[in-house]
Structures are given as structure tokens and as C-alpha cells.
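J.: need a structure here:
(one chain, ligands or ions: 1)
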Amino acid sequence: MSKPLPNASDFLPGPVLLLGAPGVGKGTQAKHLVEEFGIPQISTGDLLREHRKNHTPLGMMADELMAKGQFVPDDLVNQMVASRLKQPDTEHGYILDGFPRTLNQAEWLDGQLVAYLLPVVAVSIVVPERVLLERITGRRISPAGRIYNIYTNPPKVEGICDVDGSKLEQRADDTVEVFHERMKAFNQKTAAVIEYYREHGNRFAEVNGDQDIDDVTRDIRSTLLKLRHHPEA
Ligand code: AMP
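T.: Have a look, this model is predicted:
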């Protein structure tokens, strides 16, 4: 039997990065951590979709790139994250989901975090590529951002959110074709970001994302506790 974990009720994980390929479960897991620790999720994908919905200049610029599965330019994404990090709810920590995705973004983030109380910890969620396609094409999302999967985590009633009865939607970029483009961008650019954080061995851990959602949450939670209990000497 594994050892019981320390009580997490008074534990604040500080700034946490969830890293991994499209479909590994960053968004799903971030939402669980938000519930448990009361710190916000900052998803650059969600922020960009919000801009797109509101037809802001950034949203209009990002629209075509997102539809093709390509990255939005670093400067624009960094600026967007900078203004989100200024909000007071990030004071005790936050979960960055989908950022940084390039080395340039990672280096920029290092500069932003200098004044922060705790160093960032990075958790890389790992799922075999063959599983990701099913995850991506099966994904359905409620307008409030609840994430389902028609194969592995279906709603009770097809197409309807269990919690608020709203109609589930499929992301426009959750198609087979765009998935391959997104994987290409991940392999070309984000894989190096994971190596960047792996080099800080005591602030980095890998978690197996190819398990039940709750088991992944349990592993991330225990990983965060371990990473924070063994700070850099
Ligand atoms: P996601 O919801 O994280 O899968 O992101 C959806 C899309 O938004 C990505 O395919 C990119 O086009 C764009 N995007 C999200 N986060 C970033 C980022 N950190 N850097 C560049 N583009 C991003």
C-alpha cells in the first residue's frame, strides 16, 4: 500500500506548469487542481479562444493559425500571459496549461518569475501518441469548459453536459488533419521545452497520463507535494 499523502488542505502548490502533447489531459487535470487547491488555471488556448470569440485584434490574428494547428507568435502570447499574471488571483500560485510551448516562451517566463516567492514546478503528462488521436477526436466541451470524451469519459446523455445541461461542442481544431499539424508543432518546438525543464531535475516530474482521469490527478497531486517538499538545496 502506498503511504498516505500529507494533508493538502493547507498546501499551496505555487506556480505549476502542465506540459505535454495535445490531448494528454492538461486541461482536464488543471480543472481538478483548481478545485483542490483554489488557484486559477491559465490556459493560453482558452484565452486565445476567448479573444477569437470577442473578435479582438489578437483573436483575429490568432484565428487562422489556430485553425491550422500552428502556434501564435511568442510575443503576442507572452503579452497575453503577462496581463493575466497581473491579476490578484495568481498571488498564491496558478496552473499554466499549454504555456510555455516554445523555448522563447520558457525563457520569457523565467524572467517574469524572478520576483515570485516559489520557483515554478513543471509536470509533464505523458501519453503514447496512438492514444492521443482518439482523445482529440472524441473530445467534447461544454460552453462552461467542462471536458468530456465520447469514448473514454462520455456524458450521461449524448451531447449534453451532465452538470448544467448545456450542449456540448467539438473544437474546430480537434480533427485528424489538424491533430497531425499540432503534433508536428509539439515535436518541433515544445519537446525542447520539456527537456529545458527536465534539466532542472528537482523541479520537474513526469506523470503517466495513460490511466483513469482520477489516477492521473492522484499522481499529479502527489508529484506536486513531493516537488515542493524537496526544494532545490
Ligand atoms: P490548446 O487549447 O492549448 O490546445 O491551444 C489551441 C491552439 O492555440 C494551439 O494549437 C495554438 O494555435 C494556440 N496556442 C495555445 N497556446 C499557445 C502558446 N503557448 N503558444 C503559441 N500558440 C498557442
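J.: quick one: end-to-end length of stretch 167-178, please.
T.: 23 Å (Cα to Cα, to the nearest Å).
J.: repeat that for stretch 69-76.
T.: Per Cα to Cα, stretch 69-76 runs 16 Å from first to last residue.
J.: same check, this time on stretch 112-124
T.: 21 Å.
J.: next one: that stretch to chain centre, how far?
T.: 15 Å (Cα atoms, centre = their mean, to the nearest Å).
J.: quick one: secondary structure of residue 123?
T.: Using DSSP: H, G, I helix; E, B strand; the rest coil, the structure places residue 123 in strand.
J.: who touches the closest residue in space to residue 184 that isn't next to it in sequence in this structure?
T.: Sequence neighbours aside, residue 69 is the residue nearest to residue 184 in space, at 7.6 Å (criterion: Cβ to Cβ, 6 or more residues apart in numbering). C-betas here are computed from N, CA, C, even on glycine. Contacts for residue 69 (Cβ atoms under 8 Å, 6 or more residues apart in numbering) come out as 173, 178-182, 184-185.
J.: in ChimeraX, how would I select the buried members of those?
T.: In ChimeraX syntax, the buried subset of the contacts of residue 69 is picked out as below (16 or more other Cβ atoms under 10 Å):
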select :173,178,179,181,182,185
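J.: and the ligand, which of the contacts of residue 69 reach it?
T.: Filtering those for neighbours of the ligand using Cβ under 6 Å from any ligand atom leaves 173, 182.
J.: what's the farthest-apart pair in the contacts of residue 69?
T.: Distance extremes for these: the farthest pair is 173 and 184 at 13.1 Å, using Cβ to Cβ.
J.: hmm, back to that, between the contacts of residue 69, which is closest to residue 207?
T.: Distances from residue 207 to these, taken by Cβ to Cβ, are shortest for residue 182, at 20.6 Å.
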